[in-house]
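[1] How does the following fold in three dimensions:
(5 chains, ligands or ions: 5)
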Amino acid sequence: MNTIISANNLDLTFQTNDGPVHALKGVNLDIDQGDFVSFIGPSGCGKTTFLRVMADLEQPTGGTITVNGVSPREARLNRAYGYVFQAAGLYPWRTIGGNIRLPLEIMGYDKAAQAERVEKTLELVDLAGFEKKFPWQLSGGMQQRASIARALAFDADILLMDEPFGALDEIVRDHLNEQLLNLWDRTGKTIGFVTHSIPEAVYLSTKIVVMSPRPGRITDVIESPLPKERPLDIRDTPEFLEVAHRVREGLRAGHSYD
Amino acid sequence: MNTIISANNLDLTFQTNDGPVHALKGVNLDIDQGDFVSFIGPSGCGKTTFLRVMADLEQPTGGTITVNGVSPREARLNRAYGYVFQAAGLYPWRTIGGNIRLPLEIMGYDKAAQAERVEKTLELVDLAGFEKKFPWQLSGGMQQRASIARALAFDADILLMDEPFGALDEIVRDHLNEQLLNLWDRTGKTIGFVTHSIPEAVYLSTKIVVMSPRPGRITDVIESPLPKERPLDIRDTPEFLEVAHRVREGLRAGHSYD
Amino acid sequence: MRSVAPVLTVLAVIVGLWYLAVAPMNIRVALNQAERAGAEIVPEGAVQRRQTSVWRLMAQNTAFVSEGYALERPRLPTPVQVGEELWKTTGKMVMRGRAWSKRSLIYHGWITLQSTLWGFFLGTAVGIIGAVAIVYSRVADMSLMPWAIISQTVPIVALAPMIIVLTSQIGVEGRGLPKAIISAYLCFFPVLVGMVKGLRSPGPSQLDLLKTYNATGLQTFLKLRLPASVPYLFTSLKVGIAAALVGTIVGELPTGAISGLGARILIGDQFGAPLAIWSALFAAAILAGVLVTLLDVAQRVTLRRMGMAT
Amino acid sequence: MMWLAGALVFWACAWAGNVALANSPWSERLGVRLAVPLLFGVTLLVLWEGLVRAFGVSPVILPPPSAVAQTFANSTDILWQDFQQTVLKGALRGYVIGALAAFCTAILIDRSVFLTRGLLPIGNFVAALPIVGIAPILVNWFGFDWQSKAAVVVVMVFFPILVNTVQGLGQSDAMSRDLMRTYAASYPQTLLKLRLPAALPFIFNGLKIATTLALIGAIVAEYFGSPTRGMGFRISTGVGSLSIDLVWAEIAVAAIVGTAFYGVVSWLEARFTFWHPSQRQ
Amino acid sequence: ADDVTLQLKWVTQAQFAGYYVALDQGFYEAEDLNVTIKPGGPDIAPTQVLAGGGADVTVEWMPAALAAREKGLPMVNIAQPFKSSGMMLTCRKDAGVSSVEDFKGKTLGVWFFGNEFPFLSWMSQLEIPTDGSAEGVEVLKQGFNVDPLVNGQAACISTMTYNEYWQVIDAGLTPEELVTFKYEDQGVATLEDGLYVLEENLADPAFEDKMVRFVRASMKGWKWAEENPEDAAMIVLDYDETGAQTEGHQTRMMGEIAKLTSGSNGALDTGDYERTVSSLLAGGSDPVITKEPEGAWTHAITDKALN
Ligand SMILES: Nc1ncnc2c1ncn2[C@@H]1O[C@H](COP(=O)(O)OP(=O)(O)OP(=O)(O)O)[C@@H](O)[C@H]1O
Ligand SMILES: Nc1ncnc2c1ncn2[C@@H]1O[C@H](COP(=O)(O)OP(=O)(O)OP(=O)(O)O)[C@@H](O)[C@H]1O
Ligand SMILES: Cc1ncc(C[n+]2csc(CCO)c2C)c(N)n1
Ligand SMILES: [Mg+2]
Ligand SMILES: [Mg+2]
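    Ligands and ions are numbered 1, 2, ... in the order given. As a prediction, the model looks like this:
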C-alpha cells in the first residue's frame, strides 16, 4: 500500500507566557492510502495540533512530515486535502449551496462545474433540496453534513476531520457515523479523524491512534480487526468490545484527572 | 415507596410563529422517593420541558402534576428542589463559595448557617479549599461540581439536573458520574437527570425514561436491574449492555433524523 | 504593552506629516508678511499669488518657506508652537503660582471639567434609571427606546439658547447648568443603551436559577442583573464621559460661555488667535484622555475585584 | 388651567392606552410596535402645548407645537433650501467622503499588524475627542460654503468608522481563517469572501454612530460662518431675531432627517447583515 | 439695596466700560443698587434674555429692539448712552472695492443674530439685492473673527470702529490697503447700544425708580470712562473672565468708544430715533419693520435721572 502521510520524530513546542508547552513530542506515524485513522486521547494531548501540522496550519519545531510525498505546505498549495472543523463553521451570509461553492470559487472552477459539484456533494451528504437555505435554518447535524460536503466538493485525496460530530447528540451522531463510513467506502479517501468518543473511534477506524498529554505523544496504535462492512449493531459484538476495552485501557493509563 | 412526583396525562403546547409545537403530549410518570430517573431522547423530544414543568418554570397546558403532593408552584415556593443547568452557570463575579452561598442568601439563612453549609457542601463535592477561587480559575469539571454543590446547599429533597455534564469530555464525565452516584447514595435524594448519552443513563439510573419527539412523549420506561453498587467497569458487563441495547432500540424507534 | 512601539511609531509619522504640511499651509501668509516687510516675492502681490499653487510659491520663494514655521497667526501651527502655547498657559503659570488665573488653561479646563462631571453624573443617572425602566417595563421599552434614538438626532446646539433662558427663568443663574444639561443630553444615550444591554445580559437559565430559589424582583436585580451589567456599565461610561465632554464643549459654543475650553476656542476664533484654538483643542484632548483613562483604571480594578478580569 | 388639566388627562389616558397595548397579546404586531411610541410622542407634544398655554409662556421663549407646525407649513421653501445646503451638501457629502476614506484606510492598514496595533488606540482616542472644536479652523481653511461643513463632517465621522471597520476586519474567527488557508486562498479572496462580510456588522455600527455625528457637525460648523442659508445659519439667526417658531421648525427638520438617515442605514444594515444573530431574533 | 441685572450685548470689553466703571467705582452702590452685569456672547440674544426674565435691563441695538417689538416683545428704550454708530464695512482695495458702486458681484461679510438689520436696510436703500445674483452681492454670515477679509474670502466685512477694524490691522493689513464705509457717513446709521426694558415693568413705580437710579449711575460711569480711558480699560480687564482681552486692544477700544458716547448725555435724541426708524422702514420689498413703532422709547427715566 501507498504511504500518504508519514511523520518522523515530530516535535511541536508552543512558547507561552507560562513557559513552553510540549504539544507533540517524538511522534512517529505512517498513514496509508485509504486508511481511516482515528486519533483519540484526553483533552490537550495534541490531537488537534497533529491534524493542524498535517494541514500546514501549524509548523513543527522538530522532526519531519510528508503529505503525499511532499511537505505539508506544498500539499496545501496543491489543495491535497479537505479539512472539517469541530464546529460546522459555515459562513452565515452564504446559503448552504454558497458555502459548498466557496472552495470551488476560490480554486477557480467555472460556473457550470461549480453548480454540478454542489449538486453532487449535496446529494452525497443527503441534503439535496436544502441548497437555498441559510445555515441557521438547519439543525446542527445538517450543518455538520454541509460542512463535510464543503470539504468533499473539490477532489482532495485526504479528508482531515477534527471532532466533526463533537457538538451533536448521540443518535444523530450514530447516523452520521454510518453515512461517513458509507462515503469513505464509496470514495476511497484517506481520512484522519479526531474524536473523544471510544465507540465512535472503534466503529469508524481501520487504525486507532491513542494519544496522551504532557508532553503530547502517541501511546498506542491499534489496527482494527473489524471488517470493512460495519452495521451499527457491530458495536454490541465481542470483537468490538474488546477493541473498545483496549482503547479505554490505553486512555486511562495516560489520563490524570482535572 | 413514597411517590414524590406524579404526572397525569400532561400536555404542553408552545404557540410559536410557525404554529403550535407539542412539546409534551399525554405524559404519565410516577417517580418514587430515592429514585434516580434519567430522561433520554433525541433533541427536541421535551426532556428539558418536562423537567421545567416539574420545577414550575413552565406551565402545562393540560393534565396534572404534583410534586411532593402539592402543585409545582407550591413546591417551588417551599424550595423543594435544587436545579442544575446544562452549563455550570456560575456567576463569574462570585467566588465558588459565594456562588454556593447565593441560594442561602436569597432564602434568608443567617451568616453562621451559610458558612457552615457552604463548607459542608464543598466537601461533599470534593472542592474543599477552593472556596475563595473564582469560577474561571477552575476546570470545567470542577465548575460543574460547584454548580451541583449550589443545588445541594439548601436541603431540597429533589435534585433536577438538565444535561449537567453535556459540555465535558468523556473521561471527566466518567469521573463525575462516579461521584454523582456516590453522592446520591449518601444523601438519598430523588434525582431527575436529563442526558443524551446512553451509557451515562444506564450507568446512573434506577429508572430510564425514553422519550420521542413530535409530539414529545414517553415511549418506554425501563427499570434498571443493575445493583446499587456500580463500579465503572460495570459498563462492560452483559447486563449493562443489554439495558443499553434496549434503550438504543427504544430511541431508534422514536427517532426521525434531522 | 505590545502596542507601545507601534503607537509611538504611528504618532511619530503623524507629527512628521504635520510638520511637512505646515510649509504649504502657511506659505501664503508667510509671503504676505515678508512682502509687507519689504522683501522681494515672486509673483508680486497677494492677489496675483492667489492664482499660483502653493508648490510653485514654495519653489519660487525657497528662502521664505522657513518663515512659515514661526508665524504669529499661522493657518497651521507647528506641533512645537502648540506645545509652547500649552506650556505657557499651564505649566509656566503653575510655576508662577498663577494656575487659577483666567489666562490659564488649567482654570478653563477646570470649568469645563466641572460641567462635564455634572453632565456625566446627570446623564449617567438618567441613563441608568431609563435602562432599569426599559428592562422592567414593556411599555417603557416600547415607547422610550425609539425616542431615545430620535433625541440624539435633535441638534442640541439649537436648544442651548432656549435652555439658558428657561433655566434662568426658573431661577438658576450661570452657564454651568445649561452646559451640564447639554452634556447630559449627549451622555445619557450611550449609558442607556449599554445598561439595557447589560441588564439584559443574564441568560434565561441564570434567571430561571433564581426563580427556582423563589427570589424576589429586588433580589434578582441586586444579585444578578446589576452585577452582570457592570462590565457593560464601564464600557458605556467610557463612551459616556467622552460624550459628556463633547457636550460641554459644544454647549460652550452657543451658550456664549465666557470660560471653559469651548469658550477659549470661541475666543481664539473671535480674536484671530489660532494658537489659542489649538492649545484649547489639545487641552480638551488631554482632558478626554485623562478622564477615559481614569475610568479604564476603575474598570480594571473593579472587574479584578469582582473576579471578572478579562 | 383648562389646558393644563386637559393635557394631564390626555397624558393619563394615553399612558393607560399604551400599557394596555404593550401588554396585549398583539404587542408583537408591527402596528402596535409603531403605535406605542407614536402615542408616546403625541403625548409629549400635547403636554408641551398644554404647559405652554397653561403657564402663558411667551412664544419668543418657547412656542407651542401648534405654532411650530404652522410655521413649518408656511416656510417649506426656506426649510427646503436649508435642508439642501446643510444636509445634502454639507452632511451627506462629508459623510460619504469620510466613510469612503475611513474604509480605504482601514483596508490599507489592515494588511499591517504593526499599523493596526498602532492606529487602533490612537483612532479610538481621537474618536472620543470633541472634534467639533476644529470647526473654526476648518471654516478658516475651506471657506464659508458647504466645503468647510463637509470637511468638519469628514473629520468627525472618519475615526468612528475607521475604528469599527478595523475591528470588524479582525472579527473573523480563527477557524474561518484557517479554512481559507486550507484552500490556499489569496489575500484578496480572503478579504472579499470572508473578512469583509464578517466585518459588516461592525462597519454598520460605525456608520450608524456617524449619522448623528454628521448632522451635528454640519450644523455646528455653520455657527462659525456660512452663506445666508443652512439649518445652522437659520437656527442661530432665528434665535437672534426671536423667530423661535422657525428655529423649532428647523429642529423638527433635523430630527426627522436624522431619524430617517439613521433608519436608512439601519435598513441597509438589516439587508446586508440579515444573517447576523442580532438581526434574527 | 435693590437688585438690578444688566445683560450686555457682547463679551466683556471696553464697549461696555461705563457700566463696569459704575460698578467698580461704587456709583451703583451710591444709588443703593446691587447690580449684576451679565456678559453676552455669540449666541446670547439680549432680547430673549429680557423676555425670559433673565435680566431687568439690557444693552441692545435699536434695529433688533424694534424688530423684537414687532414680534410681540414690547421693549422700550429708556436711555441712549451712544450718540453715534461705530459700524462700518471694511473692504480690501486689492479686491477691487473703492466705492459703493463696486459692491455688485462681491462677497460681503455680515453679522447676523439680530445685527443684520442695519446692513439689510442700507443695501435695500442702495437697491442692491442680497441674494448672490450677478446684479447683487453675495452675503456671508461672518463668524466672530476677521479671517474672511484677511484670507480674501470676502471683499468686505462688517467691523466696528472700535474693535474688529483694529483686529484687521493687527492681522497685518495696513490702513492703506483698506477702504472703510462708515454707516454714519453713508447716512444710514442706526442707534446702537441703548438701554432697553420691558414695557410692562415700567408701569411699576418701584421699577421705574430703580431704573432712574441705574441710568444716573451708569451715565456717571460713562462720563468717568470718557475722562479716564486708560483706567477704564484696566477696570474692564479686571472684570474679563475669559482672560483673552489684552491691555493694548482695550485701551485703544476705549479711545474709540469715547468718540461714540461723547455726544450723548444719556437721553435719546428723537431726531436720531426718527432717522433710525425711517431707515429701517425704507427696506423696499423686505423692510426690517413694517410699520411705525409706537411707544418704543420714553424720556421718563432720563428726565428724572439727569435733572
Ligand atoms: N496556539 C497555541 N498556543 C499555545 N498553546 C497551544 C496552542 N494550541 C494548542 N496549545 C496547547 O497545546 C496542547 C495540545 O493542544 P491540542 O489542541 O492539540 O489538544 P487536543 O488534543 O486537540 O485537545 P482537545 O480534546 O481539548 O481539543 C494543549 O496543552 C494546548 O493548550
Ligand atoms: N419557549 C419555547 N417556545 C417555543 N417552543 C419551545 C420552547 N421551549 C421549547 N420549545 C420546543 O419544544 C420542543 C421540546 O423542547 P425541549 O427543549 O424540551 O427539548 P429537549 O428534549 O430538551 O431537547 P435538547 O436535547 O435539544 O435539549 C422543541 O421542539 C422546542 O423547539
Ligand atoms: C455672532 C455675532 N456676531 C456679531 C455680533 C455683533 N456685535 C454686536 S456688539 C459687537 C461688539 C463689537 O465687537 C459685535 C461684534 C454679535 N452680536 N453676534
Ligand atoms: Mg482539539
Ligand atoms: Mg434540553
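
[2] So which bits of stretch E:169-179 are buried?
    Residues of stretch E:169-179 classed as buried: E:169-173, E:177-179 (neighbour count, 16 or more other Cβ atoms under 10 Å in any protein chain shown). Any C-beta I mention is one placed from the backbone N, CA and C, and that applies to glycine too.

[3] how much space between the single nearest residue of the stretch 151-300 of chain E relative to chain B and residue C:177?
    Of all residues in the stretch 151-300 of chain E, residue E:241 sits closest to chain B, at 47.3 Å by Cβ to the nearest Cβ. For residue E:241, the distance to residue C:177 equals 17 Å [Cβ to Cβ, to the nearest Å].

[4] try residue A:6
    Where residue C:177 is concerned, residue A:6 sits at a distance of 79 Å (Cβ to Cβ).

[5] okay, those two: which has more neighbours?
    Using other Cβ atoms under 10 Å in any protein chain shown as the criterion, residue A:6 and residue C:177 rank with residue C:177 on top: 19 against 16.

[6] So the more buried one, which state does it fall into?
    Secondary structure, DSSP: H, G, I helix; E, B strand; the rest coil: residue C:177 is helix.

[7] Let me see the contact set for it.
    Residue C:177 is in contact with C:118, C:167, counting by Cβ atoms under 8 Å, 6 or more residues apart in numbering or on different chains.

[8] related to what we said a few turns ago, which two from the buried residues of stretch E:169-179 end up farthest apart in space?
    Greatest spatial distance among these (Cβ to Cβ): E:170 and E:179, at 18.3 Å.

[9] how about the stretch of helix or strand residue D:135 belongs to against ligand 3, any contact?
    Following DSSP states H and E, the helix or strand that holds residue D:135 is helix D:135-142. No - judged by Cβ under 6 Å from any ligand atom, helix D:135-142 and ligand 3 are separated, with a smallest distance of 12.6 Å.

[10] what pLDDT, on average, does the next helix or strand after that helix get?
    Later in the chain than helix D:135-142, the nearest helix or strand by DSSP H and E is helix D:146-169. Mean per-residue pLDDT for helix D:146-169: 90.

[11] and residue E:259, that's in a strand?
    No - under three-state DSSP, residue E:259 falls outside any strand and is assigned helix.

[12] Return the distance of it relative to ligand 2.
    Per Cβ to the nearest ligand atom, to the nearest Å, residue E:259 is found 84 Å from ligand 2.

[13] and the residue lying farthest from the centre of chain C, what is it in contact with?
    In chain C, residue C:212 marks the outermost C-alpha relative to the chain mean, sitting 47.0 Å out by Cα atoms, centre = their mean. Contact partners of residue C:212, counting by Cβ under 8 Å, 6+ apart, are B:55, B:57, B:76, B:81-83.

[14] which intervals of chain D have sub-threshold pLDDT?
    Within chain D, the segments meeting pLDDT under 70 span D:280-281.

[15] residues contacting the closest residue in space to residue D:165 that isn't next to it in sequence?
    Excluding the flanking residues, the one nearest residue D:165 by Cβ to Cβ, 6 or more residues apart in numbering or on different chains is residue D:106, at 3.8 Å. Listed by Cβ under 8 Å, 6+ apart, the contact partners of residue D:106 are D:161-162, D:165-166, D:169.

[16] and of the residues you listed, the nearest to residue E:88?
    Closest approach between the contacts of residue D:106 and residue E:88, by Cβ to Cβ: residue D:161, at 46.1 Å.

[17] so what's that closest one up against?
    By Cβ under 8 Å, 6+ apart, the residues touching residue D:161 are D:98-99, D:102-103, D:106, D:203, D:206-207, D:210.

[18] can you check residue E:105 too?
    If you count contacts by Cβ under 8 Å, 6+ apart, residue E:105 has them with E:134, E:137-138.

[19] where do the helices sit along the stretch 1-150 of chain D?
    D:2-22, D:30-54, D:65-74, D:76-83, D:93-110, D:113-127, D:135-142, D:146-169 (DSSP state H, counting those that start in this stretch).

[20] oh sorry, the question was meant for the stretch 1-150 of chain C
    Using DSSP H, counting those that start in this stretch, the helices of the stretch 1-150 of chain C run over residues C:4-36, C:46-51, C:54-60, C:62-65, C:79-89, C:91-95, C:105-136, C:138-151.

[21] can you list these in CSV and add mean neighbour count?
    Below are the helices of the stretch 1-150 of chain C laid out as CSV (neighbours: other Cβ atoms under 10 Å in any protein chain shown):
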stretch, mean neighbour count
helix C:4-36, 16
helix C:46-51, 14
helix C:54-60, 15
helix C:62-65, 14
helix C:79-89, 17
helix C:91-95, 14
helix C:105-136, 22
helix C:138-151, 18
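
[22] Tabulate those helices (a markdown table), appending distance to residue E:68.
    Shown next, in a markdown table, are these (distance: least, Cβ to Cβ, whole Å):
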| stretch | distance to residue E:68 |
| --- | --- |
| helix C:4-36 | 41 |
| helix C:46-51 | 42 |
| helix C:54-60 | 47 |
| helix C:62-65 | 51 |
| helix C:79-89 | 39 |
| helix C:91-95 | 42 |
| helix C:105-136 | 30 |
| helix C:138-151 | 30 |
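
[23] Distance of the residue lying closest to residue A:189 once chain neighbours are set aside relative to chain B?
    Of all residues not flanking residue A:189 in the chain, residue A:159 sits nearest, at 5.1 Å (Cβ to Cβ, 6+ apart). Plainly put, residue A:159 is 22 Å away from chain B if you go by Cβ to the nearest Cβ, to the nearest Å.
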